[in-house]
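[1] Turn this into a structure:
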Amino acid sequence: MGSLSAVAADANPVVDDYSPYFRVYKDGSVERLRAEEHTPASLDPRTGVESKDIAISAVVSARIYLPPDGGDSGRKLPLVLYFRGGGFCVLSAASPVLHAHLNALAAASSVIVLSVDYRRAPEHSIPVPYDDSWAALHWAASHSAGLAEIDFDFSPESWLVEHADFDKVYLAGDSAGGNIAHNLAMRAATLPLPGGVKLAGIVLLEPYFWGTRPTASAAAADPVKRARLDRLWRVVCPASEAGNDDPLVNPLAARAPSLAVLGCGRVLVCTAERDAMRDWAWMYYEALRESGWRGESEIYEAAGEDHGFYLHRPDGDCAALLLKRIAAFLA
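    Numbers count the residues shown, from 1 in each chain. This next block holds a predicted model:
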């Protein structure tokens with residue numbers, strides 16, 4: 001007879017191993033394998049961007065960034081709601097790599113950034129990250145009418161009231177965050193936002209789009225990375241019957257709604273030459289242009305780079321060029 005620990009392991013085996021980040025067990029429990037790093041909100045001496053953490057609801061928080069030209073100029077600034085990547089599963093609004101990236105983005109683009117800390121899968125599976133992100137967008141848009149006219153469940157944010165231009169509201173995100181930005185723009189096509197706020201555009205940084213269709217970029221990727229991508233949607237959305245051809249992860253699937261209804265006026269898709277999801281970004285861009293959607297679309301590819309290069313090497317030339325392209329789009 002085996003030991004008690006061996007018997008317990010046999011009764012509740014690991015069904016998904018995403019080491020070194022987490023494991024999922026047969027009973028649905030999740031074991032986080034390492035503590036997340038956190039960087040406090042602060043005045044960034046390098047960029048002059050100021051940040052602070054705020055509560056949006058009982059379960060959703062955010063970190064907001066104000067560029068140095070936002071406080072004294074008197075002019076209103078574009079507002080970018082940013083959704084982090086990490087496969088819906090790792091990182092937070094306080095992660096050092098994300099914090100540095102958004103300080104740089106706010107400074108380069110002269111925009112207010114609201115970095116949404118949605119609840120993470122697998123503990124909170126899809127659609128929770130979408131619903132949390134939509135709640136943050138709804139809350140932000142509520143500021144468009146001014147403090148006196150809105151009954152907030154949670155405290156309003158003075159930086160939004162004083163400095164945000166609600167005629168220039170954008171959604172942006174990297175990887176899984178790009179997936180969220182797309183799906184929220186689809187939702188915004190049919191669900192009105194407070195104050196009649198409309199989305200000006202979305203920025204999709206290496207968006208997490210996937211499917212069963214073979215692609216050259218997936219075939220060229222590291223086999224371990226490709227296998228994890230093949231399994232990821234089942235981990236974050238176990239209730240999905242369509243798997244990797246769920247329209248939420250594959251916007252080109254047969255049952256996906258037409259991209260013609262995308263609820264914004266402009267789209268910037270950014271990808272990288274060596275990214276396993278590169279071809280999906282290009283197919284999305286081309287399908288959007290052919291769908292009958294009446295907006296303006298752009299695509300940018302970073303030569304020689306892989307997924308997340310702007311997070312891992314933020315001081316590199318390619319990261320600087322990417323920020324410049326995003327800043328031009330948001331101007």
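[2] what about the most centrally placed residue in the chain, is that helix, strand or coil?
    Nearest to the mean C-alpha position of the chain, counting by C-alpha atoms, centre = their mean, stands residue 177 at 1.5 Å. Following DSSP: H, G, I helix; E, B strand; the rest coil, we place residue 177 in the helix state.
[3] Tell me who's in contact with it.
    82, 83, 84, 85, 205 (C-beta atoms under 8 Å, 6 or more residues apart in numbering). In short, each C-beta sits where N, CA and C put it, glycine included.
[4] For this structure, which segments count as helices?
    4-11, 96-109, 128-141, 158-163, 176-188, 216-219, 223-236, 278-290, 309-312, 317-330 (DSSP state H).
[5] List just the one of those helices that sits closest to residue 24.
    Nearest to residue 24, of all those, is helix 223-236, at 6.4 Å by C-beta to C-beta.
[6] List of residues touching the closest one?
    16, 18, 24, 87-89, 121-122, 125-126, 210, 218-219, 221, 240, 243-244, 246, 249, 276-277.
[7] Just name the most buried of the helices of the chain.
    helix 176-188 (a mean of 25; mean count of other C-beta atoms under 10 Å).
[8] For that helix, list the C-alpha coordinates in CSV.
    Coordinates of each C-alpha in helix 176-188 appear next as CSV, following Å, rounded to 0.1, in the frame of the first residue of the first chain:
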residue,chain,number,x,y,z
ALA,A,176,-4.5,38.1,-23.1
GLY,A,177,-5.1,41.8,-22.5
GLY,A,178,-5.4,42.4,-26.3
ASN,A,179,-7.9,39.6,-26.4
ILE,A,180,-9.9,41.4,-23.7
ALA,A,181,-9.7,44.7,-25.5
HIS,A,182,-11.1,43.1,-28.7
ASN,A,183,-13.9,41.3,-26.9
LEU,A,184,-14.9,44.5,-24.9
ALA,A,185,-15.0,46.5,-28.2
MET,A,186,-17.4,43.8,-29.6
ARG,A,187,-19.5,44.1,-26.4
ALA,A,188,-19.5,47.9,-26.7
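[9] That one to helix 278-290, inter-axis angle?
    20 degrees (axes from the mean of the first three to the mean of the last three C-alpha atoms, to 10 degrees).
[10] any idea of the angle helix 176-188 forms with helix 223-236?
    Using the same axes, to 10 degrees, helix 176-188 lies at 40 degrees relative to helix 223-236.
[11] and helix 176-188 with helix 96-109, angle?
    Here helix 176-188 points in a direction 60 degrees away from that of helix 96-109 (the same axes, to 10 degrees).
[12] can you pick the most crowded of the contacts of residue 177?
    Ranked by the number of neighbours (other C-beta atoms under 10 Å), these place residue 83 first, at 31 neighbours.
[13] Domain map for this protein?
    1-35, 38-330 (automatic domain parsing).
[14] Turn these into JSON lines, including mean pLDDT.
    As requested, the domains of the chain are exported to JSON lines (pLDDT from 0 to 100):
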{"stretch": "domain 1-35", "mean pLDDT": "79"}
{"stretch": "domain 38-330", "mean pLDDT": "95"}
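[15] Can you get me the start-to-end distance on stretch 234-249?
    11 Å (C-alpha to C-alpha, to the nearest Å).
[16] list the buried ones in it?
    In terms of neighbour count (16 or more other C-beta atoms under 10 Å), stretch 234-249 has its buried residues at 235, 236, 237, 240, 242, 243, 244, 245, 246, 247, 248, 249.
[17] for stretch 31-48, same thing?
    So, applying 16+ other C-beta under 10 Å, buried residues of stretch 31-48: 39, 41, 44, 47.
[18] measure the third one to residue 99 for me?
    Translated: residue 44. Remark: distance between residue 44 and residue 99 (C-beta to C-beta, to the nearest Å) = 8 Å.
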